[in-house]
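# Below are the sequence and a predicted model for it; my questions follow.
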Amino acid sequence: MFETVLFFVLWQLMKKILSVLLLIGYFLTGYAQQYLSPKDSIDLQTDQFIGIDSYGAVYHSKKNIFYKSWNNREWQYGDFALGEITSVSILNPLKIILFYESSNSVVIIDKYLTEIDRINFNTITEFKSVSSVSAANDNNLWVFDTNTQQIALFDTTTDKTLINTQPINKIPTLQRSNFNYCWVLTPGILSQFNIYGSLIARHENIDFIDFTTINNDLIALKEDGLYYVSTATAEMEKLNLPEIPIKQFYVTNEILYIYSQSMIYSFDLTPPKK
């Protein structure tokens, strides 16, 4: 009888210890519990911070001029006839995408910000009224056509549509992509499409203000801070960051860049080794 009671007590104690160890392991390994401190900072006086590529080049825009700074050199591109720059994709630093919604046009520039190609969606055979653009694989773009309410995979070399998604009921407020997927944010919904135009995930949009990609997941901004979002499960973990206002942010190679009050702060998002 005594042995039975002793075994039961020891067993309960072991379960409690195991639970505590698992809880500690969770808090040590999760992004949400890992305090992130700045690893570096860069002074930048600009209107819009775009991002930093894997080579360390800084991209931004000021007074509707697009800039690249790298190795103490600076390049710039601007064409005021096209209107205001609506969005920029530096996913491929060798083929940067500038979208001008007011002129329904896209300009593709190289690493020296020299124009490679220009697409006016008003004049091509397949007319499109485009409200958002992001880079895709190869020479392709993801474009949202407000006429058809569809996301199209558009080939810039032939000016032809390769694939159309199913119609989307509402105009996207945000569109982001990498070489594998395109994410579209509409009021209440975050949708994810693959390069074949298939809808592979549809999650509730929980008050996202902005988001960027990290591998095939997302870093999303809400009013109370930044979150790591798993696109497979829609689970979110808040990043434990210092109290700094976030004007713009970007992620490259698991490094988070935050632009705040004329400074770019960088944070390492690489999980600690187990």
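Cool, got the structure. Keep in mind it's a predicted model, so treat the numbers as computed, not measured. Residues are numbered from 1 along each chain as shown.

# Show me the strands in the stretch 151-274 of the chain, by range?
Taking DSSP state E, counting those that start in this stretch to define them, one finds strands in the stretch 151-274 of the chain at 160-164, 174-177, 181-186, 189-194, 199-204, 210-214, 217-222, 225-229, 236-238, 248-252, 255-260, 263-268.

# For the most centrally placed residue in the chain, give its distance to Phe179.
Taking C-alpha atoms, centre = their mean, the centroid of the chain lies closest to Thr212, which sits 1.5 Å from it. For Thr212, the distance to Phe179 equals 14 Å [C-beta to C-beta, to the nearest Å]. Just so you know, the C-beta spots here come from the backbone N, C-alpha and C atoms, and that holds for glycine as well.

# if I look at the residue nearest to the centre of the chain, how far off is Leu218?
From Thr212 to Leu218 the distance is 7 Å (C-beta to C-beta).

# Name the residues contacting each of the two.
Common neighbours of Thr212 and Leu218, using C-beta atoms under 8 Å, 6 or more residues apart in numbering, are Arg176.

# mind showing which ranges of the protein have poor pLDDT?
1-35, 271-274 (pLDDT under 70).

# ok, 80 please
Regions of the chain meeting the criterion pLDDT under 80 cover residues 1-35, 37-38, 205-206, 270-274.

# returning to what we had before: so who does the residue nearest to the centre of the chain touch?
By C-beta under 8 Å, 6+ apart, the neighbours of Thr212 are 176, 218-219, 249-251.

# Need the residues you listed in a markdown table (columns: neighbour count and distance to Glu235).
Shown next, in a markdown table, are these (neighbours: other C-beta atoms under 10 Å; distance: C-beta to C-beta, whole Å):
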| residue | neighbour count | distance to Glu235 |
| --- | --- | --- |
| Arg176 | 22 | 19 |
| Leu218 | 23 | 11 |
| Ile219 | 20 | 14 |
| Phe249 | 22 | 20 |
| Tyr250 | 21 | 23 |
| Val251 | 21 | 18 |
